[in-house]
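Novice: My questions concern the predicted model and sequence given below.
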2 protein chains.
Amino acid sequence: MAADGATQRAACGQRRVEGSSRCRDCEIRSRAFCAAFGDAELTALEAVIETISLNANSEVFFEGDTADYIYNVNAGTVKIFKSLQDGRCQILGFPVEGDLLGYPVGDSHTYSAETLTPVRLCRVSRARLRDLASGFPALESKLLEIMAGELAGSQAQMTVLGRKSAPERVASFLVQLSDKSIANGGTGASLSLSMSRHDVADFIGLTAETVSRVLTQLTRDGLIAIPQPYRVDLIRIEALRDLAAAEASI
Amino acid sequence: MAADGATQRAACGQRRVEGSSRCRDCEIRSRAFCAAFGDAELTALEAVIETISLNANSEVFFEGDTADYIYNVNAGTVKIFKSLQDGRCQILGFPVEGDLLGYPVGDSHTYSAETLTPVRLCRVSRARLRDLASGFPALESKLLEIMAGELAGSQAQMTVLGRKSAPERVASFLVQLSDKSIANGGTGASLSLSMSRHDVADFIGLTAETVSRVLTQLTRDGLIAIPQPYRVDLIRIEALRDLAAAEASI
DNA sequence: GTCTCGCATTGATTTGTGTCAATAGGCCCG
DNA sequence: CGGGCCTATTGACACAAATCAATGCGAGAC
């Protein structure tokens, strides 16, 4: 799903603001924060939302930037990350369609965001959203639900980063992608990665070489197959889950 | 670690419910989610809040438990953590007075919580809180703000766990404690730890031995002093900040 | 007072993962 | 079609932190 979009990239401006969008036709509305708005409120929402298209490998915002907008990913994959002085990088997540980008509170962005593939975003001014929210308590309720989900996700990832071995980390990553794919209607058995080995490594706290070695080993053990570098088939997914779930099964 | 608490539990009442509390006299109300309530609403709040006292080393709830309540720490220190099957443990944080325990959404707790010191908690039924919230949009707004702050904190910790060296991790931990102490009105130069070396290690993704070695080295280098095992004086705090802030200074 | 137990510290050694380096494959471009 | 570039893979080696082990210290029990 990643590479095909490259055609759109063409020679056009890296960031195209396409103006107001038709939220009532939006296919992912039910998965985004916009789900908080009923049909009646959609007109108000459409008035404050802009749609933006970005090429692959372009920045959305940097850590420390004033946070004037929040975004919703409409299509494509983004990486959000924190950088250290010497170039080390911790990737915090890979938001895809339906995911929120940027927090609804705070003055500035606490992480950087960069596209991995061509991406379509919805952008809303936070000031305007705040005005809207005063009339719709359901919005803050929805945002709260989203933030709580993200917090639980970060805490699971803290466990991966702080306490799991390299094979457990890679398995956790693959299972996570698989689950997300299933949630979006896929089978979860064949994954299309939109990020490099290096990005995977920066997400799970390893190096690209170690990720590569572990993937090779998992292939030898028959848990996965890698027909192309950016495609992973999960052959023995229960075994992968066992490896990933060093977690106590509550 | 859940096991040791079992001994103490027998002797004295492990959990004393002290009944409704007087929120208008509460000294930490401005730091807790209860700050969302104005003086007028305090009576309603007092009606649904219970105060609980716990000994050190007693569990508040376990990961997977049905989340009927959320809690606010009133006094003392708690640890929240996730356990792996083989006993590995990742501590997610050390909530202290003013901090929220448990999420306002979701069916069950996503982590376990255990006291490190004697603790006083406020407990609110989530169902009752939901009823209250329908009348006060400020509550969800406040909860949203709290969750966003916690999310930003987890993401900073992900960077510590995924990308920092042992000395950087220990320095990050000390600076974080110092900042929290300053925020609560202290000088931030002399810290009283309420957790063991082992707990520190489980928080920053090391072993107790490594934490001990790093602390010894920092002492030799004159950055800190350790008059007693549970007390740390930060002598050259700028140097500690430099070490911790491998972060790009935005 | 002495015994015991848990925790912190320190040392010796091992090991998992990082680092450095070389090779190979895919893709775009001229 | 060949050249350059980027990424993935693989190997050899180094090193940071884990593991294993021993000692010491302080608090509570009796």
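Specialist: Yep, it's here.

Novice: Would you mind giving the domain segments of chain A?
Specialist: Domain ranges of chain A: A:3-154, A:164-244, per automatic domain parsing.

Novice: Any idea which of those gets closest to DNA strand C?
Specialist: domain A:164-244 (3.1 Å; CB to the nearest atom of the strand). Quick note: C-beta positions are derived from backbone N, CA and C, even for glycine.

Novice: Can you flag the weakest of the domains of chain A by average pLDDT?
Specialist: Here the lowest mean pLDDT among these goes to domain A:3-154, at a mean of 87.

Novice: what about it and chain B, touching?
Specialist: Yes - Domain A:3-154 reaches chain B (CB under 8 Å from any CB of the partner chain) through A:62-64, A:82-86, A:88-90, A:92, A:103-106, A:110-111, A:137, A:140-141, A:143-145, A:147-152, A:154.

Novice: Would you show me how to pick out the buried ones of the residues you listed in ChimeraX?
Specialist: Per 16 or more other CB atoms under 10 Å in any protein chain shown, the buried members of the residues of domain A:3-154 next to chain B correspond to this ChimeraX selection:
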select /A:63,82,83,84,88,89,90,92,103,104,105,110,111,137,140,141,143,144,145,147,148,149,150,151,152,154
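
Novice: Chain A: helices as residue ranges?
Specialist: A:6-9, A:42-48, A:126-135, A:137-163, A:166-183, A:197-204, A:208-220, A:237-244 (DSSP state H).

Novice: Kindly report the residues of chain A close to DNA strand D.
Specialist: A:196, A:197, A:198, A:208, A:209, A:211, A:212, A:213, A:215, A:216, A:226, A:229 (CB under 7 Å from any atom of the strand).

Novice: If we use 10 Å, what do you get?
Specialist: A:57, A:162-163, A:165, A:193, A:195-201, A:207-217, A:219-220, A:226, A:228-230, A:232 (CB under 10 Å from any atom of the strand).

Novice: give the contact list for the one residue sitting closest to the centre of chain A.
Specialist: With distances taken as CA atoms, centre = their mean, residue A:95 lies nearest the centre of chain A, 1.1 Å away. Contact analysis of residue A:95 by CB atoms under 8 Å, 6 or more residues apart in numbering or on different chains lists A:73, A:77, A:78, A:80, A:101, A:113.

Novice: How many neighbouring residues does residue A:69 have?
Specialist: 22 (other CB atoms under 10 Å in any protein chain shown).

Novice: ok, so what distance separates the closest residue to residue A:24 other than its chain neighbours from chain B?
Specialist: Among residues not flanking residue A:24 along the chain, residue A:42 sits closest, at 5.2 Å (CB to CB, 6 or more residues apart in numbering or on different chains). Remark: distance between residue A:42 and chain B (CB to the nearest CB, to the nearest Å) = 21 Å.

Novice: And residue A:115, by the same measure?
Specialist: Counting by CB to the nearest CB, the gap from residue A:115 to chain B is 19 Å.

Novice: Of the residues of chain A next to DNA strand D, grab the buried ones for PyMOL.
Specialist: A single PyMOL command selects the buried members of the residues of chain A next to DNA strand D (16+ other CB under 10 Å):
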select buried, chain A and resi 162+163+193+195+197+199+200+201+210+211+212+214+215+232
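
Novice: What residues sit buried inside stretch A:167-179?
Specialist: So, applying 16+ other CB under 10 Å, buried residues of stretch A:167-179: A:167, A:168, A:169, A:170, A:171, A:172, A:173, A:174, A:175, A:176, A:177, A:178.

Novice: related to what we said a few turns ago, out of the contacts of residue A:95, which comes closest to residue B:121?
Specialist: residue A:80 (33.9 Å; CB to CB).

Novice: what's the closest one in contact with, if anything?
Specialist: Counted by CB under 8 Å, 6+ apart, residue A:80 has contacts A:91, A:92, A:93, A:94, A:95, A:101, A:111, A:112, A:113.

Novice: Turn the residues you listed into CSV, columns for distance to residue A:69.
Specialist: Formatted as CSV, these follow (distance: CB to CB, whole Å):
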residue, distance to residue A:69
A:91, 22
A:92, 19
A:93, 18
A:94, 20
A:95, 15
A:101, 9
A:111, 15
A:112, 15
A:113, 11
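
Novice: doesn't residue A:169 make contact with residue A:210?
Specialist: No - judged on CB atoms under 8 Å, residue A:210 makes no contact with residue A:169 at a distance of 9.0 Å.

Novice: give me the number of residues near residue A:30?
Specialist: Other residues within reach of residue A:30, judged by other CB under 10 Å, total 9.

Novice: Quick one: end-to-end distance for stretch A:191-210.
Specialist: Start to finish, the residues bounding stretch A:191-210 are 20 Å apart (CA to CA, to the nearest Å).

Novice: ignore the last one, stretch A:77-90
Specialist: Distance between the two ends of stretch A:77-90: 17 Å, counting by CA to CA.

Novice: centre of the chain versus it, how much separation?
Specialist: Mean-position distance between stretch A:77-90 and its chain equals 14 Å (CA atoms, centre = their mean, to the nearest Å).

Novice: ditto for stretch A:153-170
Specialist: The chain centroid and the centroid of stretch A:153-170 are separated by 17 Å under CA atoms, centre = their mean.

Novice: That stretch near DNA strand C anywhere?
Specialist: Yes - judged by CB under 10 Å from any atom of the strand, stretch A:153-170 comes into contact with DNA strand C at A:164, A:165, A:166, A:167, A:168, A:169, A:170.

Novice: surely residue A:139 meets residue A:132?
Specialist: Yes - using CB under 8 Å, residue A:139 is in contact with residue A:132, at 6.7 Å.

Novice: Looking at these two, which one has more neighbours?
Specialist: A direct count of neighbours by other CB under 10 Å for residue A:139 and residue A:132 places residue A:139 higher, at 24 against 19.

Novice: Quick check: the gap between the more buried one and DNA strand D.
Specialist: 39 Å (CB to the nearest atom of the strand, to the nearest Å).

Novice: and what of residue A:38?
Specialist: Distance from residue A:38 to DNA strand D, by CB to the nearest atom of the strand: 43 Å.

Novice: Same question for residue A:111.
Specialist: 21 Å.

Novice: Likewise for residue A:133?
Specialist: For residue A:133, the distance to DNA strand D - CB to the nearest atom of the strand - is 40 Å.

Novice: Distance check, that residue against residue B:22.
Specialist: Per CB to CB, to the nearest Å, residue A:133 is found 33 Å from residue B:22.

Novice: Give me the more crowded residue out of those two.
Specialist: The residue with more neighbours, out of residue A:133 and residue B:22, is residue A:133; 22 against 10, by other CB under 10 Å.
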